[in-house]
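[1] What shape does this take:
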Amino acid sequence: MDLMKLIDRRCSVRSYSDKAVEKDKIDAMLEALRLAPSAVNRQPWKIFVVQSPSACEAIQASYDRDWFKSAPLYFVLCGNHAESWKRADGKDHCDVDVAIAAEHLILEATELGLGSCWVCNFDPLLCRKALNLTDEDLEPCVIVPVGYPSDAEVWDKNEKKRKALSDIVSYL
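    This next block holds a predicted model:
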């Protein structure tokens, strides 16, 4: 698909069918994520692919929403602050790097006909517990539920509300 069409097609899907996501599609999304750029190429991320019923239930506890529970698969992207690049003023680029990687994964999911949603309003302590994270440098940054949309027409109903370029761009 043309990149701009793909970007326009991507939307937040909040209802999934119970159809499992195939391993080759999981691998393709992970490869897209792996190829994402990062500051000074540090790649300060660790990805958890959550798909077993018990692991899904544990992740679902960190974001208690009915729609979230309908996903058959979750990617939990964690940033490693010990590995991330820090700018001279101390700005840690871990979150930026993880966000770029997540967007690569999300766009590939869309390309594969899968729905996804960016979730950051979760309980990080419950998420850490679900992942058995003991490394304090690893921070759960985003959970991306992925699956086949329950509504096959979700792509056609996708109405993006975005600011006008004139509201967000300045030319100097």
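[2] what's the burial count for the residue nearest to G147 when sequence neighbours are not counted?
    Computed as C-beta to C-beta, 6 or more residues apart in numbering, the closest residue to G147 that is not its neighbour in sequence is Y16, at 3.5 Å. From N, CA and C alone the C-beta is placed, and that goes for glycine too. When neighbours are defined as other C-beta atoms under 10 Å, Y16 has 25 of them.
[3] Against K69, how distant is Y16?
    From Y16 over to K69 the distance is 9 Å, taken as C-beta to C-beta, to the nearest Å.
[4] OK, contacts around the closest residue to K46 other than its chain neighbours?
    Spatially, and ignoring its direct neighbours in sequence, K46 is nearest to C78 (4.7 Å; C-beta to C-beta, 6+ apart). C78 makes contacts with 45-48, 98, 131, 133, 138-141, as judged by C-beta atoms under 8 Å, 6 or more residues apart in numbering.
[5] Just the closest of those residues to L3, please.
    If you rank the contacts of C78 by distance to L3 using C-beta to C-beta, V98 comes first, at 21.6 Å.
[6] Centroid-nearest residue for this protein?
    V144 (3.7 Å; C-alpha atoms, centre = their mean).
[7] who's that one bridged to?
    F75 (DSSP bridges).
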